[in-house]
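Visitor: the sequence and its predicted three-dimensional model are supplied below.
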Amino acid sequence: MAHYPTVRLRRLRYNPIIRDMIRETHISKNDLIYPLFVLPGEKIKNEVKSMPKVYQMSIDVLVEECKALVELGIPAVILFGIPEHKDEVGSEAYDENGIIQRAVRAIKAEVKNLLVITDVCLCEYTSHGHCGLLRGDEILNDETVSLLAKEALTHAKAGADMIAPSDMMDGRVAEIRKALDNNGFTKTPIMSYAVKYSSGYYGPFRDAADSAPAFGDRRSHQMDIANGDEAMREAKSDVEEGADIIMVKPAGPYLDIIRRVKTELRMPTAAYQVSGEYSMIKAAGKLGWIDEQRVMMESLISIKRAGADMILTYFAKDVAKFLDKGTD
Ligand SMILES: [Zn+2]
């Protein structure tokens, strides 16, 4: 093997044209999925306190936002709902006229060329804020799974292009697949939150989606942050149950897991750059402690380099605008 001084790795770094030519990882608008929060009412656009430039929107505002996203070249959104009423069993999650079902119908009626993905879970809809039905303080698995399948089906019927279960109950991908297939939605893909850690980085999201648990935490279903092999078991079981895309969440602190999912499973892989990752970059940028735009791009390129094919990120609009400027 050749060594210095024959080999000089800096040779390829002097000329910016060469640097561009040998760049291995690129972010394009096609990689981006933008999360949106919808709530009942009209003409509402509330900024989420802990997430600058992220809003809870009523359906009318949401539809206009979706049109603007298409203009910007963002290909996909994922919807989270804040319901009119919450109850013990999360009824609005699987109500044909629930907030998400109405939002999907409204977007589909007015916006073309936008992929609409829906998040499937109960925590935004339950009065106790947990992801499933409770018996005492236990979150029931199988009983919850049948409600999730019902929820997914109402989303598909409303026109959702893809279903994304985020609950982390065992067996839910199989049940959702079955419910979709039995009702003629054989072509609707499932993007599974297969590897979802019980993470402190979700803090700001709970403001946005109004979904903080009233007591306890999510450690009985979300994964221990310390585990990697278990993440592979989670991901493999979702593949076997029929998941089409495997998601890792959060993204930045779990790049090793994204890489393992990609190399060990060879599946289309999504990564969710979560609220805390976004808010920390925004906050430090605002304080002038980091160059926000530069760190935003670095965070996303790192997620892509780790193996993600697509990234759910609150930065999607900022990135699209940045790419339009054609600078780097
Ligand atoms: Zn949940």
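Guide: Cool, got the structure.

Visitor: can you give me the helices in the stretch 51-200 of the chain?
Guide: Along the stretch 51-200 of the chain, counting by DSSP state H, counting those that start in this stretch, helices occupy 59-72, 99-110, 142-158, 172-182.

Visitor: kindly reformat the ones you listed as CSV containing mean pLDDT.
Guide: CSV is the format used below for these (pLDDT from 0 to 100):
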stretch, mean pLDDT
helix 59-72, 98
helix 99-110, 98
helix 142-158, 98
helix 172-182, 98
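
Visitor: for the ion, which of those helices is the nearest?
Guide: For the helices of the stretch 51-200 of the chain, the distance to the ion is smallest for helix 142-158, at 9.9 Å, taking CB to the ion. From N, CA and C alone the C-beta is placed, and that goes for glycine too.

Visitor: give me the contacts around that closest one.
Guide: Residues outside helix 142-158 that contact it (CB atoms under 8 Å, 6 or more residues apart in numbering): 89-90, 93-96, 98, 100-102, 104-105, 108, 118, 120-122, 131-133, 163, 165, 167, 169-172, 175-176, 178-180, 183, 185, 188.

Visitor: try stretch 21-34
Guide: 12, 69, 72-78, 115, 117, 270, 297, 300-301, 304-305, 308-314, 316-317, 319-320, 323.

Visitor: out of the contacts of helix 142-158, who's near the ion?
Guide: Among those, the residues that sit close to the ion (CB under 5 Å from the ion) are Cys121, Cys131.

Visitor: so Glu264: helix, strand or coil?
Guide: Three-state assignment for Glu264 (DSSP: H, G, I helix; E, B strand; the rest coil): helix.

Visitor: quick one: contacts for Asp207?
Guide: With CB under 8 Å, 6+ apart as the criterion, the residues that contact Asp207 are Val48, Lys49, Ser50, Met51.

Visitor: returning to what we had before: output the helices of the stretch 51-200 of the chain as a markdown table; include the columns mean neighbour count.
Guide: Below are the helices of the stretch 51-200 of the chain laid out as a markdown table (neighbours: other CB atoms under 10 Å):
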| stretch | mean neighbour count |
| --- | --- |
| helix 59-72 | 17 |
| helix 99-110 | 20 |
| helix 142-158 | 22 |
| helix 172-182 | 21 |
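
Visitor: export those to TSV and tack on distance to Phe205?
Guide: Converted to TSV, those look like this (distance: least, CB to CB, whole Å):
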stretch	distance to Phe205
helix 59-72	18
helix 99-110	16
helix 142-158	19
helix 172-182	20
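
Visitor: and the contacts of stretch 21-34, which are buried?
Guide: Neighbour-count burial (16 or more other CB atoms under 10 Å) applied to the contacts of stretch 21-34 gives 69, 72-78, 117, 270, 297, 300, 304, 308-314, 316-317, 319-320, 323.

Visitor: thinking again about what came up before, pull out the buried members of the contacts of Asp207.
Guide: Val48, Ser50, Met51.

Visitor: quick one, what contacts Asp137?
Guide: Each residue near Asp137 by CB under 8 Å, 6+ apart is listed here: Phe215, Gly216.

Visitor: and it, its phi and psi?
Guide: For Asp137, the backbone dihedrals (degrees, to the nearest 10) come out as phi -110, psi 20.

Visitor: just to revisit the earlier point, narrow the buried ones among the contacts of Asp207 to those in strands?
Guide: Val48, Met51 (DSSP state E).

Visitor: closest one of the buried ones among the contacts of Asp207 to Pro5?
Guide: Checking the buried ones among the contacts of Asp207 against Pro5 with CB to CB, the nearest one is Met51 at 51.0 Å.

Visitor: so what's the residue nearest to the closest one when sequence neighbours are not counted up against?
Guide: What sits nearest to Met51 in space, not counting adjacent residues and going by CB to CB, 6 or more residues apart in numbering, is Pro204, at 4.9 Å. Each residue near Pro204 by CB under 8 Å, 6+ apart is listed here: Val48, Ser50, Met51, Ser275, Gly276, Tyr278, Ser279.
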